[in-house]
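**Student:** Generate coordinates for the sequence data below:
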Amino acid sequence: LFCTFSSLHLLPSSAFRDLRVPSLSSRRHFFSSALRGARHSLSLASTMASALAAPAASAAAPAATTATPSSSTLQHQRPHHHHAPTVPSTSSVLRRVIPWDTYVAAKLLEPGTDAASLRAADKLFSTRRAVAAAAENGAPSSAAPPAPPSSHDAAPVSPEELSATAALLSVLRGVTKEETVQYVLAVLDAEVAGSPRRARELFDRRESGTSEGAPSAPAPSSSLPPDAADLFLLALSRPDWFSVERAASLLAARFGAGGASGDASPAFSSSPDVERQRGLFLDWILAQLQRPAHTARGVPAAAGALAKLLRAREARSAAAAAGAPRLLVPLVQRLTGSSSAAPSASSAAAAAAAACAPSVPATPQLAYDLCISLWQLALTPQGAEAAVSAGAVPALTDVLRAAVAAKEKVVRAAAQALRALLSPAGGGAEAPSASPAPSSSAPPSASTPTSSTSASALATAAGAAAVSCGLARACDSLLAQQWDDPDVPGALRACREASA
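**Tutor:** Numbering: from 1, shown residues only. Coordinates of the predicted model:
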C-alpha cells in the first residue's frame, strides 16, 4: 500500500519517517495522510474532467438549437461512434508476415500446433489469399454478391485443409493481438469464399468427412473442435471492425444454408449448439441494424450478413419473429429518401433508421442486401404480414424509382420482394436456400401450410398499398427499358398485374 501511494505522489515526506517507528499513532498518521492525498487527487481529477467537458458542451450547443431529437433517438445514439477508426484493406492484411515462431515459443498455442504447421497453412491457402486480395474493390460493406461456383468451391475439403484450418483456429484461441487475429480471420474468410458447403466442412466436425455428392477422405484425428463458430461469435465483440466484418462473413457462410442441396440436414438443423449460435448471430445482426457499432460500415455489414443468413429456412422464421422487417423497412425508406413511414412501424426501428441513415452510404449493394432480405422474409407468413404492416410495399416501390435501381440486381431483388408480398400464396411459400439467381424466376414451392383467407387478406392489403403508392406506373416505366436479366421483365409484369 505504501509503494502504491508513494508512486502516485499521494504521501507527504513525513510518511517515510512515520513508517520507521512501529507505533500505532504513526501507522494511523500514515493512513490518514494517504486518505487525504487520495481525496485531493479525486477532487483534482473531477475538476479537470469538468474543464474538459465544458468546450464539448459549448460546441454542441449550436447543434442542439437547430435540431431537437426525440428521446428515443437520443437513446439509440452512440457519440463515440462518430470517430470510427480506419479499417485496413483486405489486401494489406493478407500481405502481413506473422511471427509464428514467437507464438510457439511463448506457448500461446495449443499442444500439437507448431510453426511448421502454420507456415504450411500459409502456403496451402496462398492461392485463395491472392484471389481475395485481387477481388477487393474497396467497398465499405464486407458482403459481396454471391460469386458463381468455381472448381475450388466444388472440390471436397482435403485433410490437409482441415489440418491447416485447425492450426489457424488454434491461433484464434490463444492469441489476441489485433494484427494476428485480423490476418487469421481474413485467411479463413478467403478460403471459405462465401461457400456454405466449404464453411460447414471446414468448421463443423460432424460434416468434415462428407462432401457434396460423394464422401471425401475421412477427417484426421486432429479434426476441428466444435467451437469454431463460438470463436467467430467472440470476434464480433472485438474493437477493430475489420475482424468484426470477417467474423460476420464467416458466420453468414456457416449458417447461410442447411444442407448441400438447400434442404436442412438433420445434423445441421437439430443441433442445440447450432441453434444457439445461429440465434446469437441473428441477435447481433438485428442489434447492428438498430444501433450500428460503426457509423458507416455497421449497417452494410449486418445487411449483407442477414441476406446470406436468411438462405436457411430455419433463420427466416426466427428473424421474422424477432422483428427484422420492422428494422429493414425504415432503412430502405431512408436509403431511397422516402419520408413516408407506415403508422404501425415501431418507433424504435424508425428512430434507429433515422439516427444511422445520414452516415450510411446509399450504395446499390446495400439496397440489394436489404431487398433480398425483405424478399426472403416475405416468403414466411409472419414475415410477410410484418413487412406489409411496416410499409414494405411503398418502400420497395421507391427503390424501383430511386437511383440505386440503376443496377439490374437491385431491380430484380425489389421486384421479387414485391411479387412475393402481392401474391396470395407468397406468404406461405418457401424459397430456395440460396439467394435468387438470375435464372430463378419460377415460383417457389410451398412447404408451410397457410390459411387461404389470411393470405388473401394480406395480398389485398398489399395490393391496396401498391395502388396508393403508384407501383403500376413505376413498373411501366421500367418495362420500357431493355434488361439483360430475363427475370426482371417477368417480375415487373407480375407486380404490374397484381397492382392493377
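**Student:** Now do R334: how many residues are near it, please.
**Tutor:** 22 (other Cβ atoms under 10 Å). Glycine gets a C-beta too; all of them are placed from N, C-alpha and C.
**Student:** Give me the distance between it and D487.
**Tutor:** R334 sits 27 Å away from D487, going by Cβ to Cβ, to the nearest Å.
**Student:** Equivalent analysis for S170, please.
**Tutor:** From S170 to D487 the distance is 45 Å (Cβ to Cβ).
**Student:** tell me the SS of R238?
**Tutor:** In three-state terms, and counting by DSSP: H, G, I helix; E, B strand; the rest coil, R238 is coil.
**Student:** Could you pull up phi and psi at it?
**Tutor:** phi -70, psi 150 (degrees, to the nearest 10).
**Student:** For G279, what is the enclosing helix or strand?
**Tutor:** G279 is part of helix 272-290, with elements assigned from DSSP states H and E.
**Student:** out of S170 and D487, which sits in the more crowded spot?
**Tutor:** S170 (23 against 20).
**Student:** ok, now which ones touch the more buried one?
**Tutor:** Going by Cβ atoms under 8 Å, 6 or more residues apart in numbering, S170 touches 109-110, 113.
**Student:** Most neighbours out of those residues, which is it?
**Tutor:** T113 leads these on contacts (other Cβ under 10 Å) with 24 neighbours.
**Student:** name the element V299 belongs to?
**Tutor:** helix 298-309.
**Student:** helix or strand right after that helix?
**Tutor:** helix 313-321.
**Student:** relative to helix 272-290, how tilted is that next one?
**Tutor:** 40 degrees (axes from the mean of the first three to the mean of the last three Cα atoms, to 10 degrees).
**Student:** Going by neighbour count, which residues in stretch 478-493 are buried?
**Tutor:** 478, 487-492 (16 or more other Cβ atoms under 10 Å).
**Student:** Retrieve the pLDDT associated with E275.
**Tutor:** In this model, E275 is scored at 88, pLDDT.
**Student:** try the one 3 residues further on
**Tutor:** The predicted structure scores R278 at 92 on the pLDDT scale.
**Student:** Can you tell me how far S91 is from A466?
**Tutor:** 45 Å.
**Student:** Settle it for me: which of those two has more neighbours?
**Tutor:** Neighbour count, other Cβ under 10 Å: between S91 and A466, A466 has more, with 25 against 16.
**Student:** mind listing the helices for the stretch 51-200 of the chain?
**Tutor:** 71-75, 90-94, 100-105, 115-124, 126-135, 151-154, 159-174, 178-192, 196-203 (DSSP state H, counting those that start in this stretch).
**Student:** Of these, flag the one that's most buried.
**Tutor:** Counting by mean count of other Cβ atoms under 10 Å, helix 196-203 has the highest mean neighbour count of the helices of the stretch 51-200 of the chain, with a mean of 25.
**Student:** got the angle for it vs helix 298-309?
**Tutor:** 100 degrees.
**Student:** moving C-terminal of helix 196-203, what's the next helix or strand?
**Tutor:** helix 228-235.
**Student:** Show me what secondary structure element comes after that next one.
**Tutor:** Next along from helix 228-235, by DSSP H and E: helix 241-255.
**Student:** Report all helices and strands that that next one contacts.
**Tutor:** Helix 241-255 sits against helix 178-192, helix 196-203, helix 228-235, helix 272-290, helix 298-309, with contacts defined as 3 or more Cβ pairs under 8 Å, 6 or more residues apart in numbering; DSSP states H and E.
**Student:** Having no further points to raise, I will conclude here.
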